[in-house]
Each structure stands twice: as structure tokens, then as C-alpha cells.
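**Q** my questions concern the predicted model and sequence given below.
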Amino acid sequence: MEKIIYNGKLSERAKIKVDIEDRGYQFGDGVYEVIRVYNGHLFTGDEHLQRLMESAESIGMKLPYSIIEIKTQLNELIRVNQLSSGIIYLQVTRGVSQRNHLFPSADTVPVFIAYTREMQRPTAAMEKGVSAISVEDIRWLRCDIKSLNLLPNLLAKQKASEAGCFEAIQHRNGVVTEGSSSNVSIVVDGIIKTHPATNLILNGITRKVMLEICRQNNIEIKEETFTIEELLQADEVFLTGTTTEIMPIIEIDKSKIGNGTPGTITKQLQRYFKEKVAECCSVPTKAQ
Ligand code: DCS
């Protein structure tokens, strides 16, 4: 029987129902995280939970549990569901109250859920590379908050899929921001460029891991904006994201990137990333 976390307790998934006046359901009034699990271990769990707390605070919500409590709950969930390779999705909404745009009274209890899903690493796509389209970024000006309001991201991803592509790379007036569910970097003359962590992008945890890898291995990186022209002319382009990992982009808007195969630096970053995962997660947990 699949278990989930519902308001701090392990519960049977089939028994939990969402209230029709849950503010997450009605308004998208809440925040979420997706955390990767490798070999039964949370990968960069602390960073994700820290971001969840910051997202909640940015919309005037307080998490109902401490980060340590949440981590304990998540590890228990991994154990009972016997998850080895996959993700944990967690979400906190402002709770259930009669529909009203105003925040509900202070005693309204946030609704906190987490569930697991098995998922393998996207190894075939990471080896071959994937294609993308460019789209206008029509989102709001607080993309740094991991809010439940994902409609513009969904529209962008759907458009990419209908064009036979993996991701939609968004831009504001020709300046690249990020993918619909990933961050974007380019490589030009051996130097990586990625959008600075401002209000216009989600400060991706995988992006942070990638920055750390670059610092540790003397790969030059500039957190600077770049244009659609620079993107199309770049030697290499890659995405970073929790489920995407480090994903080479070999074609954008039907135009080849570099020679149309994954770039050398991108492949190097993939190897370093795999090492980071091994450092954290190579020893199986007791339950496996
Ligand atoms: N940008 C956006 C808009 C995202 O939604 C995500 C992650 C990222 C960047 C990459 O951030 P992480 O490296 O922290 O994952 N999106 C999550 C999602 O909604 N599904 O999977 C990952």
C-alpha cells in the first residue's frame, strides 16, 4: 500500500482527499519542492528544504514543521515505500478556508503533503542530447519563489512537446531566463554563462551543484545574462534540474548547437555530477 505524508503523519494515499476549498487547489496558494532520491538517499535534501522554507516565507507562510522534522518524515517515507531511485514531491498550501482572496485567519492550518515516485535517471537523453524551442517568458516577476502557480510553465512545456522538443527556453525581450522546469547555461570559448540568481529565475539546486563543481574544478563560470543570439551561437548549451540533471541541448528552434552533439564541457560536468551523487548516495540505506 503506497504511503504518503499528510500533515506530518504517514497515511495511506488512497484514504487522503483534498478539500475543494484548499487554497492550493483554488488559488495555487502554496509552494512545493521536488527532491531527487538516489539509492534511497535524499540528494541535496537540506538545500531543497531551505528553499521550501524561503518560498513559504516569501508568500507570508510559515512551514508547519522544522526542516529537521520534515527530513525525518521524508526519510521515513522513503523507507516505508522502499524507494530506491525516484523523487519526493512535497507541497504546502495555506490551508482550507472559505474562498476569499484575503489570507485566512491565523489559526488556519497549512496542508502539508509529500509522496514518492519511482524514476530512473534520464541516461539515454543525457548521452544523446535533446532539442528545445525558444518562447517568450510570460511569467510574473517572482520566479525565484517555487510557487504552485505553474500555468505559464505548463503552456511553454506543452508547446515544446508539440514541436517534438524536450524543453522550452524562455526569454524576456531576447534575454534568456530559464527553461519551463530547468535552468539554462551556455558555454562559449570554454566559459560557462548562466542567468544570475535574481527574481527572474528559480535559483535551481542543480544549478548550485553545477556552480560548485565548476569552482572545485577551475571551470570558469559567469553568472551573467545572455541573449537568444548568444544562445543559438553558443558552443554548448545545457539544462540543469532535479530530474533533468545535466542535459545537453543539441538543437534549438531547429538550429544546431555547435556540431549538433553534446559538448565536451557538458559531458565533463555530467561526470563530475555523477561523482557528487556517488559521494552522497553510493551506500544503500538499511531498508534497501
Ligand atoms: N527552473 C524552474 C522553473 C523549475 O521548475 C526548476 C525545477 C528548475 C529551474 C531547476 O531547479 P532544481 O535544480 O532545483 O530542480 N523544477 C522541478 C519541477 O517542477 N519538477 O522537477 C523539478
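**A** Arrived safely, thanks for sending.
**Q** quick one: contacts for Tyr45?
**A** No Tyr there; residue 45 is Gly. Residues counted as contacts of Gly45 (C-beta atoms under 8 Å, 6 or more residues apart in numbering) are 35, 71, 74. Glycine gets a C-beta too; all of them are placed from N, C-alpha and C.
**Q** could you look up the SS state of the last one?
**A** It refers to Leu74. At Leu74 the chain is in helix, as set by DSSP: H, G, I helix; E, B strand; the rest coil.
**Q** ok so, going back, so which of the contacts of Gly45 wins on neighbours?
**A** For those, the largest neighbour count, defined by other C-beta atoms under 10 Å, is 24 neighbours, found at Ile35.
**Q** any buried residues in whichever strand or helix holds that residue, and which?
**A** Using DSSP states H and E, Ile35 sits in strand 30-38. By neighbour count with 16 or more other C-beta atoms under 10 Å, strand 30-38 contains the buried residues 30-38.
**Q** just stretch 91-104 next, same as before
**A** 91-97, 104.
**Q** and of the contacts of Gly45, the nearest to Ser161?
**A** Ile35 (24.4 Å; C-beta to C-beta).
**Q** got the contact list for that closest one?
**A** Neighbours of Ile35 in contact, by C-beta under 8 Å, 6+ apart: 42-45, 48, 74, 87-88, 90, 242.
**Q** and what of His41?
**A** Residues near His41 by C-beta under 8 Å, 6+ apart: 280-281, 285.
**Q** next one: Glu230
**A** So Glu230 contacts 176, 186, 188, 193 (C-beta under 8 Å, 6+ apart).
**Q** any of those residues buried? List them.
**A** 176, 186, 193.
**Q** tell me the residue of the stretch 51-200 of the chain that sits nearest the ligand?
**A** Taking C-beta to the nearest ligand atom as the measure, the point where the stretch 51-200 of the chain comes nearest the ligand is Ser181, at 4.0 Å.
**Q** neighbours of Leu77, just the number please.
**A** By other C-beta under 10 Å, 20 other residues sit near Leu77.
**Q** so it is in which element?
**A** Secondary structure from DSSP H and E places Leu77 in helix 67-80.
**Q** around the ligand, which positions in the stretch 51-200 of the chain sit nearby?
**A** 153, 178, 181-183 (C-beta under 6 Å from any ligand atom).
**Q** was I right about Ala197 contacting Asp144?
**A** Yes. At 7.3 Å, Ala197 and Asp144 qualify as touching, with contact defined as C-beta atoms under 8 Å.
**Q** which neighbours do the two share?
**A** With C-beta under 8 Å, 6+ apart as the test, Ala197 and Asp144 both reach Asn203.
**Q** hang on, the earlier thing: what's the most distant pair in the contacts of Glu230?
**A** Spatial extent of the contacts of Glu230 (C-beta to C-beta) is set by the pair Val176 and Val188 at 12.9 Å.
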